[in-house]
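> Dropping a prediction and its sequence here:
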Amino acid sequence: MEKVLQVDVTTVRDWVGRIATDLEANKDLLTQLDSAIGDADHGTNMVRGFTAVTAALHDATPGTPGELLVLVGSTLISKVGGASGPLYGTAFRRAGKALGAAPDISAEALGTALAAALEGVQGLGAAAEGDKTMVDALAPAVRAYQQAQAAGASIADAADAAARAAAVGAEATIPLQALKGRASYLGARSVGHQDPGATSTSIVLAALAASLVGSD
(Lines give C-alpha, C1' and ligand atoms only; values in the text may rest on other atoms or scores of the structure.)
Protein backbone atom coordinates (compact mmCIF):
# COMPACT_ATOMS: atom_id res chain seq x y z
CA MET A 1 0.00 0.00 0.00
CA GLU A 2 1.18 3.50 -0.72
CA LYS A 3 0.18 6.77 0.90
CA VAL A 4 -1.80 9.37 -1.01
CA LEU A 5 0.49 12.36 -1.53
CA GLN A 6 -2.19 14.93 -2.36
CA VAL A 7 -5.49 15.25 -0.57
CA ASP A 8 -7.88 17.33 -2.65
CA VAL A 9 -11.55 17.55 -3.60
CA THR A 10 -11.35 14.22 -5.45
CA THR A 11 -10.11 12.53 -2.29
CA VAL A 12 -12.93 14.04 -0.28
CA ARG A 13 -15.48 12.89 -2.86
CA ASP A 14 -14.05 9.40 -2.46
CA TRP A 15 -14.39 9.68 1.32
CA VAL A 16 -18.04 10.69 1.08
CA GLY A 17 -18.71 7.89 -1.39
CA ARG A 18 -17.15 5.39 0.98
CA ILE A 19 -19.28 6.70 3.84
CA ALA A 20 -22.44 6.15 1.80
CA THR A 21 -21.39 2.61 0.86
CA ASP A 22 -20.30 1.66 4.37
CA LEU A 23 -23.43 3.07 6.00
CA GLU A 24 -25.57 1.06 3.61
CA ALA A 25 -23.59 -2.07 4.51
CA ASN A 26 -24.05 -1.36 8.22
CA LYS A 27 -27.64 -0.11 8.07
CA ASP A 28 -29.07 -3.15 9.86
CA LEU A 29 -26.41 -2.98 12.58
CA LEU A 30 -27.14 0.69 13.26
CA THR A 31 -30.87 0.00 13.30
CA GLN A 32 -30.38 -2.88 15.71
CA LEU A 33 -28.28 -0.75 18.05
CA ASP A 34 -30.80 2.08 17.91
CA SER A 35 -33.75 -0.24 18.49
CA ALA A 36 -32.27 -1.09 21.89
CA ILE A 37 -31.90 2.47 23.19
CA GLY A 38 -33.49 4.79 20.63
CA ASP A 39 -36.13 5.05 17.93
CA ALA A 40 -34.71 2.29 15.69
CA ASP A 41 -34.21 4.79 12.86
CA HIS A 42 -30.52 5.73 13.00
CA GLY A 43 -29.48 3.35 10.23
CA THR A 44 -32.34 4.45 8.01
CA ASN A 45 -31.71 8.13 8.69
CA MET A 46 -27.98 7.92 7.99
CA VAL A 47 -28.50 6.02 4.75
CA ARG A 48 -31.22 8.44 3.69
CA GLY A 49 -28.92 11.36 4.42
CA PHE A 50 -25.97 10.07 2.45
CA THR A 51 -28.18 8.97 -0.42
CA ALA A 52 -29.27 12.61 -0.60
CA VAL A 53 -25.63 13.71 -0.33
CA THR A 54 -24.68 11.42 -3.22
CA ALA A 55 -27.46 12.93 -5.32
CA ALA A 56 -26.40 16.47 -4.41
CA LEU A 57 -22.80 15.76 -5.39
CA HIS A 58 -23.99 14.26 -8.67
CA ASP A 59 -25.63 17.59 -9.50
CA ALA A 60 -22.89 19.86 -8.13
CA THR A 61 -19.18 20.27 -8.71
CA PRO A 62 -17.62 21.80 -5.58
CA GLY A 63 -14.18 23.11 -6.41
CA THR A 64 -12.51 22.65 -3.04
CA PRO A 65 -12.62 20.17 -0.16
CA GLY A 66 -14.09 22.82 2.10
CA GLU A 67 -16.88 23.66 -0.32
CA LEU A 68 -17.71 19.98 -0.75
CA LEU A 69 -17.94 19.34 2.99
CA VAL A 70 -20.15 22.38 3.51
CA LEU A 71 -22.49 21.00 0.83
CA VAL A 72 -22.51 17.62 2.57
CA GLY A 73 -23.39 19.25 5.87
CA SER A 74 -26.12 21.45 4.44
CA THR A 75 -27.68 18.45 2.69
CA LEU A 76 -27.70 16.37 5.86
CA ILE A 77 -29.33 19.18 7.84
CA SER A 78 -32.07 19.58 5.25
CA LYS A 79 -32.74 15.89 4.55
CA VAL A 80 -32.28 13.99 7.81
CA GLY A 81 -34.68 14.13 10.71
CA GLY A 82 -34.07 13.56 14.39
CA ALA A 83 -30.75 14.44 15.97
CA SER A 84 -28.57 12.84 13.29
CA GLY A 85 -29.13 15.47 10.60
CA PRO A 86 -28.33 18.56 12.67
CA LEU A 87 -25.39 16.93 14.46
CA TYR A 88 -23.71 15.38 11.43
CA GLY A 89 -24.65 18.34 9.28
CA THR A 90 -23.05 20.73 11.72
CA ALA A 91 -19.95 18.54 11.93
CA PHE A 92 -19.41 18.51 8.17
CA ARG A 93 -20.24 22.20 7.75
CA ARG A 94 -17.81 23.22 10.51
CA ALA A 95 -15.10 21.00 9.06
CA GLY A 96 -15.65 22.48 5.61
CA LYS A 97 -15.55 26.04 6.88
CA ALA A 98 -12.36 25.30 8.81
CA LEU A 99 -10.71 24.15 5.56
CA GLY A 100 -11.68 27.39 3.83
CA ALA A 101 -10.92 27.79 0.14
CA ALA A 102 -7.67 25.81 0.09
CA PRO A 103 -7.45 23.41 -2.89
CA ASP A 104 -5.60 20.76 -0.90
CA ILE A 105 -5.72 19.48 2.68
CA SER A 106 -2.56 19.26 4.74
CA ALA A 107 -2.24 16.96 7.74
CA GLU A 108 -2.44 19.94 10.06
CA ALA A 109 -5.50 21.34 8.27
CA LEU A 110 -7.36 18.04 8.56
CA GLY A 111 -6.69 17.99 12.29
CA THR A 112 -8.07 21.51 12.57
CA ALA A 113 -11.15 20.50 10.57
CA LEU A 114 -11.81 17.45 12.74
CA ALA A 115 -11.49 19.58 15.87
CA ALA A 116 -13.94 22.09 14.40
CA ALA A 117 -16.40 19.26 13.71
CA LEU A 118 -16.15 18.10 17.31
CA GLU A 119 -16.62 21.63 18.61
CA GLY A 120 -19.74 22.01 16.45
CA VAL A 121 -21.23 18.75 17.66
CA GLN A 122 -20.56 19.55 21.30
CA GLY A 123 -21.90 23.06 20.91
CA LEU A 124 -25.15 21.82 19.40
CA GLY A 125 -25.71 18.73 21.51
CA ALA A 126 -24.10 19.89 24.76
CA ALA A 127 -22.60 16.41 25.15
CA ALA A 128 -19.31 15.49 26.79
CA GLU A 129 -17.31 12.30 26.75
CA GLY A 130 -18.99 9.71 28.91
CA ASP A 131 -22.52 10.82 28.01
CA LYS A 132 -22.90 7.87 25.58
CA THR A 133 -23.14 9.82 22.34
CA MET A 134 -21.18 10.25 19.12
CA VAL A 135 -18.79 12.45 21.10
CA ASP A 136 -17.44 9.30 22.76
CA ALA A 137 -16.05 8.26 19.38
CA LEU A 138 -15.29 11.66 17.87
CA ALA A 139 -13.39 13.22 20.78
CA PRO A 140 -10.81 10.41 21.19
CA ALA A 141 -10.47 10.29 17.40
CA VAL A 142 -9.60 13.99 17.26
CA ARG A 143 -7.07 13.56 20.07
CA ALA A 144 -5.49 10.54 18.43
CA TYR A 145 -5.25 12.33 15.10
CA GLN A 146 -3.66 15.43 16.57
CA GLN A 147 -1.20 13.44 18.67
CA ALA A 148 -0.12 11.36 15.69
CA GLN A 149 0.15 14.41 13.44
CA ALA A 150 2.17 16.32 16.04
CA ALA A 151 4.52 13.34 16.27
CA GLY A 152 5.19 13.56 12.55
CA ALA A 153 2.77 10.97 11.20
CA SER A 154 1.53 11.30 7.63
CA ILE A 155 -2.04 12.41 7.06
CA ALA A 156 -2.98 8.81 6.23
CA ASP A 157 -1.38 7.37 9.36
CA ALA A 158 -2.92 10.08 11.54
CA ALA A 159 -6.35 9.36 10.05
CA ASP A 160 -5.82 5.67 10.72
CA ALA A 161 -5.02 6.46 14.35
CA ALA A 162 -8.22 8.49 14.53
CA ALA A 163 -10.29 5.67 13.06
CA ARG A 164 -8.89 3.15 15.51
CA ALA A 165 -9.54 5.49 18.44
CA ALA A 166 -13.11 6.04 17.25
CA ALA A 167 -13.74 2.30 17.10
CA VAL A 168 -12.42 1.86 20.64
CA GLY A 169 -14.49 4.83 21.80
CA ALA A 170 -17.66 3.44 20.26
CA GLU A 171 -17.18 0.07 21.95
CA ALA A 172 -16.46 1.83 25.24
CA THR A 173 -20.01 3.23 25.25
CA ILE A 174 -21.43 -0.23 26.02
CA PRO A 175 -21.09 -0.01 29.84
CA LEU A 176 -22.09 3.66 29.99
CA GLN A 177 -25.46 5.05 31.02
CA ALA A 178 -26.81 7.52 28.48
CA LEU A 179 -27.03 11.08 29.76
CA LYS A 180 -28.09 12.81 26.54
CA GLY A 181 -30.63 12.25 23.81
CA ARG A 182 -33.42 9.72 23.47
CA ALA A 183 -31.38 6.99 25.15
CA SER A 184 -31.14 9.03 28.36
CA TYR A 185 -34.85 8.43 28.97
CA LEU A 186 -34.06 4.78 29.63
CA GLY A 187 -31.78 5.55 32.56
CA ALA A 188 -29.93 2.46 33.77
CA ARG A 189 -31.58 0.36 31.04
CA SER A 190 -29.30 2.06 28.50
CA VAL A 191 -26.31 0.29 30.07
CA GLY A 192 -25.04 -2.69 28.11
CA HIS A 193 -25.78 -1.32 24.64
CA GLN A 194 -23.34 0.29 22.19
CA ASP A 195 -24.32 3.79 21.18
CA PRO A 196 -25.48 3.96 17.54
CA GLY A 197 -24.22 7.51 17.01
CA ALA A 198 -20.77 6.62 18.24
CA THR A 199 -20.87 3.58 15.97
CA SER A 200 -21.79 5.58 12.87
CA THR A 201 -19.06 8.09 13.77
CA SER A 202 -16.59 5.21 13.81
CA ILE A 203 -17.82 4.17 10.36
CA VAL A 204 -17.37 7.71 9.01
CA LEU A 205 -13.81 7.94 10.33
CA ALA A 206 -12.90 4.46 9.08
CA ALA A 207 -14.04 5.61 5.64
CA LEU A 208 -11.81 8.67 5.96
CA ALA A 209 -8.78 6.54 6.78
CA ALA A 210 -9.54 4.22 3.87
CA SER A 211 -9.86 7.12 1.45
CA LEU A 212 -6.37 8.34 2.34
CA VAL A 213 -4.65 5.09 1.45
CA GLY A 214 -4.36 4.00 -2.18
CA SER A 215 -3.44 0.61 -3.60
CA ASP A 216 -0.34 0.01 -5.70
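Here it is on my side, so go on.
> which stretches of the protein have low pLDDT?
Counting by pLDDT under 70, the chain contains low-confidence residues at 1-5, 185, 214-216.
> Helices along that one, start to end?
Secondary structure of the chain by DSSP state H: the helices cover 9-25, 27-37, 42-59, 65-79, 84-99, 107-125, 135-150, 155-171, 196-211.
> now the last one and helix 9-25, what's the angle there?
Spelled out, it's helix 196-211. 140 degrees (axes from the mean of the first three to the mean of the last three Cα atoms, to 10 degrees).
> So for residue 182, which of the helices of the chain sits nearest?
Each of the helices of the chain has some distance to residue 182 by Cβ to Cβ; the shortest is helix 27-37, at 7.4 Å. Every residue, glycine included, has its C-beta placed from N, CA and C.
> For that closest one, buried residues please.
By neighbour count, and taking 16 or more other Cβ atoms under 10 Å as the criterion, the buried residues in helix 27-37 are 27, 29, 30, 31, 32, 33, 34, 36, 37.
> Just the residues contacting it, thanks.
In this structure, residues lying in contact with helix 27-37 by Cβ atoms under 8 Å, 6 or more residues apart in numbering are 23, 40-44, 46-47, 178, 182-183, 186, 189-190, 193-196, 199-200.
> Work out the gap between it and the centre of the chain.
Shown here is helix 27-37, whose average C-alpha point lies 17 Å from the average C-alpha point of the whole chain (Cα atoms, centre = their mean, to the nearest Å).
> do the same with stretch 79-91
Computed by Cα atoms, centre = their mean, the separation of stretch 79-91 from the middle of its chain amounts to 11 Å.
> List the contacts of that stretch.
39, 41-42, 45-46, 48-49, 52, 73-78, 117-118, 120-121, 123-125, 134, 138, 181-182, 197, 200.
> returning to that earlier point: distance to residue 67 for the buried residues of helix 27-37 - can I get that in CSV?
Listed next are those as CSV, based on distance: Cβ to Cβ, whole Å:
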residue, distance to residue 67
27, 28
29, 32
30, 28
31, 32
32, 36
33, 33
34, 32
36, 38
37, 36
